[in-house]
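Engineer: Give me the fold of what follows.
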Amino acid sequence: MMTPEDQAMLAFATKWSRFGGGDEYILPEFGITPVVFYQRLLTMVTSTLINDVDFATRTYLRDFCSSKLARPASRAVAASRVAM
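Structural biologist: Numbering: from 1, shown residues only. Model prediction:
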């Protein structure tokens, strides 16, 4: 069963994903960094415990979270290459 915080995170991600995620609003809204937010959301949408989220939404948010989590790592790798 989803907690009220889980429901709020899901609603936020569903609303803001169309606009790039709303990363600047995550910390003030949830008190966590965007990386932690997307990790939690990814866990949420890939778990079998969430039966009240339709397949299309789960798939979309899984792909969205995966892409958001991949970006900081790519930027860090690129920045380290430039610094060499």
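Engineer: tell me the pLDDT at residue 39?
Structural biologist: Looking at residue 39, its pLDDT reads 95.
Engineer: Next up, the contacts around the closest residue to it other than its chain neighbours.
Structural biologist: Spatial nearest neighbour of residue 39, chain neighbours left out: residue 69 (6.7 Å); criterion: C-beta to C-beta, 6 or more residues apart in numbering. Quick note: C-beta positions are derived from backbone N, CA and C, even for glycine. Taking C-beta atoms under 8 Å, 6 or more residues apart in numbering, we find residue 69 in contact with 35, 38, 39, 42.
Engineer: Could you pick out the buried ones from those residues?
Structural biologist: Listed as buried from the contacts of residue 69 are 38, 42; burial here means 16 or more other C-beta atoms under 10 Å.
Engineer: For the contacts of residue 69, could you give me CSV that also reports secondary structure and distance to residue 15?
Structural biologist: Listed next are the contacts of residue 69 as CSV, based on DSSP: H, G, I helix; E, B strand; the rest coil; distance: C-beta to C-beta, whole Å:
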residue, secondary structure, distance to residue 15
35, helix, 19
38, helix, 15
39, helix, 19
42, helix, 17
